[in-house]
Every structure is written in C-alpha cells, then in structure tokens.
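[1] kindly return the folded structure for what I paste below:
(one chain, ligands or ions: 1)
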Amino acid sequence: MLGSAVTAFWRRRQQAVLALGHARADIGDRRQLGEWVAAFNPEIIINCAAFTQVDRCETERQHALEINGSAVANVVAVAQQAGARLIHISSDYVFDGAATAPYVEASPTDPQSVYGESKLVGEIEALKYERSLVVRASWLFGPGGPNFVTTMCRLMTQGKGPLRVVDDQVGCPTYTPFLARALWELAREDVSGIVHYCNREAVSWHGFATEIAHFVAPRAEVLPVPTTEFPRPAPRPAYSVLETSHFEATIGRRVEPWIAGLVAYLQ
Ligand SMILES: NC(=O)c1ccc[n+]([C@@H]2O[C@H](COP(=O)([O-])OP(=O)(O)OC[C@H]3O[C@@H](n4cnc5c(N)ncnc54)[C@H](OP(=O)(O)O)[C@@H]3O)[C@@H](O)[C@H]2O)c1
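    Take a look at the predicted model:
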C-alpha cells in the first residue's frame, strides 16, 4: 500500500524509481538486494516492506522478527554499499498505547505485541547507519491494499444492520499519498534519526467509521463498542497518537487533516 503511493509520488516528479515488490526482492536475501542496488545505484532507499499482519505476527514471531527486524540489517548493508540514504518506515505500535498525550520521538518505547516488538528491532537496525531516517506512521489507508476504509465501505454498503466499531482506541488515520509527500519532503532535508508523521486530528475507530459512513452510507448505523467486544490475538494500543511537531518544524508546514485524505481516497 505505502510502496505504491511512494512510487507514484516520486514518478510524478520525474524521478527514476526502481519499485521492487516482494516477488522481485526479498529483504531477507542480502545477496539479491545487493544485486539490485549494484544495478540501479540508488541515491535513496525507502523500505516500505514489512510483515504487516499484526495478528499473524503473534503466532509467527520468528518470521516477524526476521522480516521486520533483522532483514532491515540487509537493507542497511546495501544502502551502505551504494552510499545511499535510507528511509525506513516504522509504526506507532512500538509504544505501549497507555499514554494520554501524543508520543514524541524520544518517548520510551514498550511494544505490547510481537508486531510492535519486531518493528522496534527494525528501528534499532536501521539507526545503526548514520544516513538512516526512521519515520513512524500510524493507521495507514490508501490505494493498493486492504485497509480500514475499504473494509468499512464494504460492510456499510452491504447494509447488514448496525456496524459495531471500537470506540476506545484512538489514533491518527494517515493517507498514504500524504505520507508519500512527507517522505519526499524529508528526503530533501538533511534529517536523520526518528521523525513522527501522521495526519491530524486524533479520532477513535468509531469516529473514523462514522465519518466514512457520512460519505458512503449516510443511513448506516455505526455503534460504539469497547475493544473487549472484539478480542484479537495481538493487543491493540488504546492510545496511538504521534506528536508531529518535529516533522512540522523540519518541513515548515502542518500535517494534513485525515479528512482531506479520506475525501480524496473516496473520490
Ligand atoms: N498499515 C498501517 O496501518 C501501518 C501503520 C504504521 C506503520 N506501517 C508501516 O508502514 C509500512 C508499509 O505498510 P503497508 O500498510 O503499506 O503494508 P503492506 O501493504 O502490507 O505492504 C508491505 C509489503 O511488504 C512486502 N513484504 C513482506 N515481506 C517481504 C520481504 N521479505 N521482502 C520484500 N517484501 C516483503 C509485502 O509483500 P507480500 O504481501 O507479498 O508479502 C507487501 O507488499 C510498513 O513498514 C508498516 O509496518 C503500517
């Protein structure tokens, strides 16, 4: 999902992009990555690849730690080989979700799920390289992948009675083309370390679903329910809001409101 948005954004700016899907490049295979990098000689590598099925990570811990964690060392190695900058994407799931104010880049990490743990290992690997930038994002939606918006649209237009959506998890939905733009801007700045980027304002899944219903199925009934009503293998953070003032000060603009991304996506 994010990889396709990044590719589209860069190409619209007349940049040569080698967009590698899983079938052509396995980030677990350093030799294969090295061959691509030697052939293309990139100035910048953006790692959007990850094992993103949060619940499956609980039962496939080894695989999650390999792909989201140790494989990032391969990406670092080939970035070093090419002298390229690395932008690595991470997640709000590295935090415990127990905060009551937005997480800043230096907030203590304490992942509560295997997915979050594996993403944290990936951050540590990425940051061993001085030309790395780790961008933590949250609640992605956009073209090219199943996401909360497509799921809600499907359920709402099926019209099978009231929809029950959790109201006690709060975060910031983030539209992938907006994140792609943010990555483009960050790539032009001399910034390394960790940067948070998400869209504004914070909302619960129920609040987000209600807004989606407003556009696609105004008569749909969307009921707020607690997380306990949908037990899942991986715990979800109750509070996932990332503070974006570092991004805003670095780039010199505010992050976009997610509602603008939702409208663009639905159109
Ligand atoms: N989605 C969210 O809400 C969210 C929130 C915060 C952060 N993030 C982070 O944002 C990034 C992009 O997420 P996304 O939502 O765009 O995920 P996505 O749509 O699931 O894309 C991830 C891609 O990585 C590929 N991949 C998996 N294992 C690989 C491997 N060993 N080598 C190469 N490619 C591999 C997947 O291919 P296959 O499907 O073929 O395996 C898939 O195409 C990830 O780092 C994710 O952790 C996502």
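[2] for the rest of this, base every contact and every neighbour count on C-alpha atoms.
    Will do.
[3] interface residues of the stretch 1-150 of the chain facing the ligand?
    Residues of the stretch 1-150 of the chain lying near the ligand by CA under 6 Å from any ligand atom: 1-3, 21-22, 25-28, 48-52, 67, 89-91, 137-140, 145.
[4] all strands for the stretch 151-267 of the chain, in order.
    163-166, 170-171, 174-175, 193-196, 203-204, 222-225 (DSSP state E, counting those that start in this stretch).
[5] the residue nearest to Gly122 when sequence neighbours are not counted and Asp92, how far apart?
    Excluding its sequence neighbours, the residue lying closest to Gly122 (CA to CA, 6 or more residues apart in numbering) is Gly69, at 3.9 Å. According to CA to CA, to the nearest Å, Gly69 and Asp92 sit 15 Å apart.
[6] let's see which of the residues of the stretch 1-150 of the chain next to the ligand end up in helices.
    Of these, the ones assigned to helices by DSSP state H are 2-3.
[7] what residues are bridge-paired with Ser132?
    Note on Ser132: beta-bridge partners Leu86, judged by DSSP bridges.
[8] residues near it, how many?
    26 (other CA atoms under 10 Å).
[9] Thr250 versus that one, what's the distance?
    According to CA to CA, Ser132 stands 16 Å off from Thr250.
[10] again, but for Asp92
    Using CA to CA, Asp92 is found at 20 Å from Thr250.
[11] that older thread, doesn't the residue nearest to Gly122 belong to a helix?
    Yes. Assignment of Gly69 by DSSP: H, G, I helix; E, B strand; the rest coil places it within a helix.
[12] ok, it touching Val114?
    No. Counting by CA atoms under 8 Å, Gly69 stays clear of Val114, with 10.9 Å between them.
[13] sorry, back to before: and the residues of the stretch 1-150 of the chain next to the ligand, which of them are buried?
    1-3, 25-28, 49-51, 67, 89-91, 137-140 (16 or more other CA atoms under 10 Å).
[14] mind listing what's buried along stretch 66-85?
    Quick answer for stretch 66-85 (16+ other CA under 10 Å): 66-80, 82, 84-85.
[15] wait, Arg254 touches Glu248, no?
    Yes. Judged on CA under 8 Å, Arg254 makes contact with Glu248 at a distance of 5.3 Å.
[16] the two: who's more crowded?
    Set Arg254 next to Glu248 and count neighbours by other CA under 10 Å: Glu248 wins out with 16 against 13.
[17] now Ala126, what are its backbone angles?
    phi -60, psi -40 (degrees, to the nearest 10).
[18] return the distance of stretch 238-253 from the chain's centre.
    Computed by CA atoms, centre = their mean, to the nearest Å, the chain-centroid distance of stretch 238-253 equals 14 Å.
[19] ugh, wrong one, I meant stretch 85-101
    On CA atoms, centre = their mean, the centre of stretch 85-101 falls 9 Å from the chain's centre.
[20] same question for stretch 74-89.
    With CA atoms, centre = their mean, you get 19 Å for stretch 74-89.
[21] who has more neighbours, Asp92 and Thr250?
    Asp92 (28 against 14).
[22] mean confidence for stretch 100-112?
    For stretch 100-112, the mean pLDDT works out to 98.
[23] so which bits of that stretch are buried?
    Buried residues in stretch 100-112, counted by 16+ other CA under 10 Å: 102-105, 109, 111-112.
[24] adding distance to Cys172 and secondary structure, write these out as a markdown table.
    Formatted as a markdown table, these follow (distance: CA to CA, whole Å; DSSP: H, G, I helix; E, B strand; the rest coil):
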| residue | distance to Cys172 | secondary structure |
| --- | --- | --- |
| Pro102 | 10 | coil |
| Tyr103 | 12 | strand |
| Val104 | 14 | coil |
| Glu105 | 16 | coil |
| Thr109 | 18 | coil |
| Pro111 | 18 | coil |
| Gln112 | 19 | coil |
